[in-house]
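Peer 1: No letters, just coordinates:
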C-alpha cells in the first residue's frame, strides 16, 4: 500500500463519516416533522442526546464489544474499555488493509452505532418518559447493538456461516426496528389514537421538516453505504452510489403507485417513507446488485411501505408516529432477504442463511430490548402521565415551547438560581 | 495513470455527486419557502418525485442519449437503453482519462439531469396539475435535456463549433429556464395575481425555508462546478471553488445595491436570488475566470436579478412564484455570453458562438417544452380548477396540510382500505 | 511530493472548505431560531450578507493581511490588495508542502474569516441597525480578524512565542466573542428585557431551526478542525475527527447535567449550546488530545455553558439572545487554556503563553470592536428606534414578514418603479 492511495482511501472514509453524521440531523428533522407541535422540543432533545450518548458509549465500550478481534466465529467478545491506538504504522497505513486508520475505523463505526437508538426514538415519540428513554438508548447502543454487530461485522458466528449484510439492513436498521417494536408494544399507543369510536389519525406538525429530514438521510446514505466499502475502491464505491440512488428513487415510485392504488391519494409521507424504505432495502446488498436489481429491490420496498404502515397501524394497532417499524424493520428484513434473491450471491442456500441470520439477530435484539424496557416499566416507569401527554412533553418535561411564545424562555427553575 | 491518483480523482467526483444531490433539497426548500402555506406539501411532493424520476429515466435512457459516444459533431445519438458497464479497466481506471469510473460518470451526470425539471417546478408552482407536471417533467428530463446536452457535452455539433459551457449555465440552467418560461406562458398566472385593480403580491410562506434552500444550493454548487472539472486536478478544482464563491458573493452584493436603488428596501428574496444569479452566471466559465472577473460576472448577475424579476412580473405579466426564469434563464444567458466577454476565451468570435449556441439550445428547448405542455393542456389539462387553487393544492390534491392540523393525517382514502 | 498524494491532500482541503461553508447556514439557522419571529428576516439577511462580504473582503485584503509572508514574528504585515496565484508549481504542488494549492489556501481561510463576524450577528440581534452592523462586520472581518490571525497563523509574534491555537478557539471564536461583547455593551439590552419588575425572558421563535443550526455547525466543524491539519494526513485528520466528535458529545452531556442541577429542567437550548461549547473548547488543541482528554475538555465546556449564560444574563445584565458570548468567548478562552492543561503540550510554561496570547488578542479585538462600534454609535447610530424594535426589524427594516402574511410581498418601494 503506498501512502497516496492510503491517504485517498482514508479521505473517503472520513467523508463517509461526516455523511453518516448528518443522518442524525436527518432523523431529528424527520421525527420532529412527524410529531405534534407540542412534542417537538422533546424529540429534538432526544436526538441531540442520542448522538452524544452513542458516540461516548461506543468509545467507552461499544467499539471493543463489536470488534473484539479475538474470537473468530464466536458469540461474544470484549477487548477492554476505551480506545487504544496501535502504535506507528499498525494504527495507520498497516491498519485495515490500508483502507483507513484506527481512529477512522472507530469514528466511522461510532456514527453507525447511534443510528439504532435513533430509530427507536421516532417510534416511541410523544409518550415515553425522557429519563427512561435515555437509559434505554444508552444500554441498547452500548451493549445490544455491538453484540449482534459483532456476530457479523466483528467476525462472529454469522460471518462464519456466510450471512451477508453489506451496510446493515439487518445489523443497523432491523436492529433499530426490533428495538422500536419491543418498545411500542410495552409502551402502548398515544392517548386518543385508538378509541371506541375508531382510530384517530394524529398528524405530524411540519411536512417541510419531515421532507428536509428524508433528503438529508438520502444524502447521508451515500456515506453509509459508500463508506461500507471500507476503502475508496473506485469501481466498488461508485457502483454502491448507483445502486443506492436508484433504489431510493424506485422506492419513491413504488410508494407513489402503491399508495395511490390503496388510498386513491398522493400521500407525501408515503413517498418520503418509500424513499427511506428503498434505501434500507438496498443496504444489505448495495455492492452486489446491478442497476436493474437495485431498482427492483427499491420498488418492492416502496410498495411494502404503505402496506406495512396500514398493517401496523390498523391491523396490529401498534402506534408508531413516524413509521419506523415499517421503514427500518420490515424493509430491513426485505433487504436482507433480497441478497439471497437478487444479485451476485443469489441462491437458496444464501437465502436460508439470510433468513436465519436476520431472525437470530432479531430474536436477540427483541428479547434484549423487551427485557430492558420491561425492567424500566416496572421500576421507574416508561410512560408519562396522561396529563403530561395531554399538555405535551415540551411543556411538561422541558418547560418550553418549540415555537416562540414560550411559557418561560429561561431554563425551567432558573429563578431558583437567581433568587 | 496510477491507481492512487485515479482513486483520488474518483473520490472527488463522488463527493461532487453528493453535493449536487443535496441541491435538490436546496431547490425543495427554496420553492417551499416561496410558495403559500397551502401549497407546501404539493411542492415538496413534486421535488421528491422529480429527483426520483430524473435518476431513473437517466438510467433508462437519458445517459445514453446524452453520451451516445458515436456521432462526433452530430445532432442526435442513442446508444441503447439501460446502463452497461464496460468490463474491467475499460470501465474503471481506463475510463475517462482516469478521472472516474463508468458508474461515477453516470451518477454524477444523473444528479445534473433532474435539475432542469426542478427549475420548472418552482415557476409553475401553486396552480399546475400534479399528474400533468409529473408527465412533463419525466419527458423533459428523459428526452429534451439529454438531446441538447449531447450537442455540447456529448461531443455534438455545438462542441465541434467551439461553444463553451463549463458546467451548464446554458445546458442545465437556461434549459430549465426555457422550460419554465414555456410552461408559465401556457399555464397563466395564479388566480388573483393580476387583477383589474392592480397587481397583487403573493408572498411566500417561509423565509427561513427559502434561505436554507439558497445556502444549500450554494453548498452544492461547489460540487456542481467543482465536479465539472471531471477530475480532482488540484489547481483547476480549487480555482473553480474560488470563482464560484466570489461570484455568489458578488451576486449578493449586486442584488443588495440594485434592489436598494430600485426599491429603497433591503429585500431578502432579492439578495437570496442574487446569490443564485451569481452562481448561475459563473457556471459557464467558472474554470476560465480570474477572481476579479468572477466578481464582475457575479455582480452583474446580481444586478440583473431585481430588474429581471420586475420585468417578468410587471411588464410581461408572467407569474413565476420563485423567480426561476430570472435566476436560471436570464442569468444563464448572461453567464453563457460572459465566456465571450471575460476570461481566457474572451473574443468576438467566441461571443458569437456563445450567442448562437445558447439560442439554438433555447429554441429547441422552448419548442419542445411548449409543444409538450400544449399537448398536455389540450388533452388532460394542465391547470387545477379554480376551487382547488383557492383551497390550496395540499388539501385538494393531497388531502393533507403542511403544518399539523391536518384534515386527515391518514393517507386520503385510507378508510377505503380499512373498512 | 508525488502528484497523487498532493491531489488527495487537496481534495480533503476542498471538502473541508465546503464543510466550513455550511457552518454559515448553521449560524444562520441557529440565530434565526433563537430570535423572535418578528426579527427573522433581518437575521437571515445579515447572515446572507456576512458570508458574501467576508469572502469578498478576504479576497481584496484580508488574506494578504493575515498571511503577509514577510515579517516572521511581527505584529503587522500586508502583501498588497487582491489575489495573486504564484505561477506554475509554486502555486500548485510546491505550495504549502504539497498540502494544497494557492487557491485552496485562500478559499479555506476565507470561509473561516466570515465566521468571526457571524458570531457577532447573533449577539446583537433584534436591535442593531442593519447598515451599522454591515459596516461593522465589513471592517471587523477585513482588518481586525486578519491582524490578530496573523499574530499566530501568519507567523507573527505569538507564533514565535509558542502560543498554540490549532483551529481557532482564540483566533476565530474568542475573537468573534470579544467583538460580540464590545457590541452588546455599547448597544444595550433589548427593550423590555431588564425591567424594574424583573428580568423578562424573550424566547426564540423556532427550536427546530436552532437545532438544525447546531447539527449543521457540528457537521461543518469536522471540516473546520479536520481541515486545520492543512493536509489529508490520515492519522492526524482522523484523530481530530475523534477528539472533535467526543468533545461535542461530552459538551452535550456536561450541559445536560449542569443545567439539570442548576435549573431542575431539561433545557434544549443549554444542550445545544453545550454541544457548541464542547466544539469551541476542543478547537485549540484538537490535534493534541487523547480521546479521554477531549471528553474532559468538552464536558467542562458543557458545564461552563449554563453558568456563563446565567452570569452574562443575570449578573452582568448583558443581553445576548443566542448565547454567543458564552459559547464563543468563554469556551474559546477555556479551549485555549486547555492546551496548557491537557494533552501533548500541557505545562505551566505553555499555560502562561496560552493565557497572555489569548488576552493579547482579546485586548486588541475588544478595543478595535469597541472603538469601531463607538464611532458608529456617535455618527450614524447603532440602534434602531424603539418603535422599530417594537414592530420588529422584519417589517421596519425589510418591509416583509418571515412567515407568509407579508405586508407586501413585493420589494418595498416596488411601486416607485412600477408607477
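Peer 2: Received, thanks. Here the structure is a predicted model, which means the values were calculated and not measured. Numbers count the residues shown, from 1 in each chain, chains lettered A, B, ... in the order given.

Peer 1: how many other residues sit next to residue A:379?
Peer 2: 10 (other Cβ atoms under 10 Å in any protein chain shown). For glycine as for every other residue, the C-beta is placed from the backbone atoms N, C-alpha and C.

Peer 1: what's the answer for residue A:89, then?
Peer 2: If we define neighbours as other Cβ under 10 Å, then residue A:89 has 12 of them.

Peer 1: What's the nearest residue in the stretch 201-350 of chain A when you look at chain C?
Peer 2: residue A:209 (5.8 Å; Cβ to the nearest Cβ).

Peer 1: Which of the helices or strands spans that residue?
Peer 2: helix A:207-226 (DSSP states H and E).

Peer 1: Tell me the first helix or strand C-terminal of that helix.
Peer 2: As assigned by DSSP H and E, the chain's next helix or strand after helix A:207-226 is helix A:234-263.

Peer 1: Low-confidence bits of chain A, can you list those?
Peer 2: For chain A, the stretches with pLDDT under 70 are A:71, A:405-419.

Peer 1: can you give me the strands in it?
Peer 2: With DSSP state E as the criterion, chain A has strands at A:194-195, A:198-199.

Peer 1: Please identify which residue in the stretch 301-419 of chain A comes closest to chain B.
Peer 2: Counting by Cβ to the nearest Cβ, the stretch 301-419 of chain A gets nearest to chain B through residue A:314 (5.2 Å).

Peer 1: isn't the residue of the stretch 201-350 of chain A closest to chain C right up against residue A:32?
Peer 2: Yes - Residue A:209 sits in contact with residue A:32 when judged by Cβ atoms under 8 Å, with a separation of 5.2 Å.

Peer 1: Who has more neighbours out of the two?
Peer 2: More neighbours surround residue A:32 than the other of residue A:209 and residue A:32, with 31 against 24 (other Cβ under 10 Å).

Peer 1: ok, the more buried one touching residue A:208?
Peer 2: No - using Cβ under 8 Å as the test, residue A:32 is too far from residue A:208 to be in contact (10.5 Å).

Peer 1: pretty sure the residue of the stretch 301-419 of chain A closest to chain B contacts residue A:199?
Peer 2: Yes - Residue A:314 is within contact range of residue A:199, at 6.6 Å (criterion: Cβ under 8 Å).

Peer 1: so residue A:219 makes contact with residue B:24?
Peer 2: No - using Cβ under 8 Å, residue A:219 makes no contact with residue B:24, being 9.2 Å away.

Peer 1: related to what we said a few turns ago, spit out the residues that contact residue A:209 and residue A:32 alike.
Peer 2: Common neighbours of residue A:209 and residue A:32 (criterion: Cβ atoms under 8 Å, 6 or more residues apart in numbering or on different chains): residue C:208.

Peer 1: and the residue of the stretch 201-350 of chain A closest to chain C, what does it touch?
Peer 2: Residue A:209 sits next to A:29-30, A:32-33, C:208 when contact means Cβ under 8 Å, 6+ apart.

Peer 1: Make JSON lines from those and add distance to residue B:130 to it.
Peer 2: As requested, the contacts of residue A:209 are exported to JSON lines (distance: Cβ to Cβ, whole Å):
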{"residue": "A:29", "distance to residue B:130": "24"}
{"residue": "A:30", "distance to residue B:130": "23"}
{"residue": "A:32", "distance to residue B:130": "26"}
{"residue": "A:33", "distance to residue B:130": "21"}
{"residue": "C:208", "distance to residue B:130": "27"}
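
Peer 1: which non-adjacent residue is nearest residue A:245?
Peer 2: Once flanking residues are discounted, residue A:245 sits nearest to residue B:55: 5.4 Å by Cβ to Cβ, 6 or more residues apart in numbering or on different chains.

Peer 1: residue contacts, the one you found?
Peer 2: Contact analysis of residue B:55 by Cβ under 8 Å, 6+ apart lists A:245-246, A:249, B:110-111, B:113-114.

Peer 1: picking that back up, got TSV for the strands of chain A, with mean neighbour count and distance to residue A:300 too?
Peer 2: TSV is the format used below for the strands of chain A (neighbours: other Cβ atoms under 10 Å in any protein chain shown; distance: least, Cβ to Cβ, whole Å):
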stretch	mean neighbour count	distance to residue A:300
strand A:194-195	12	30
strand A:198-199	13	27
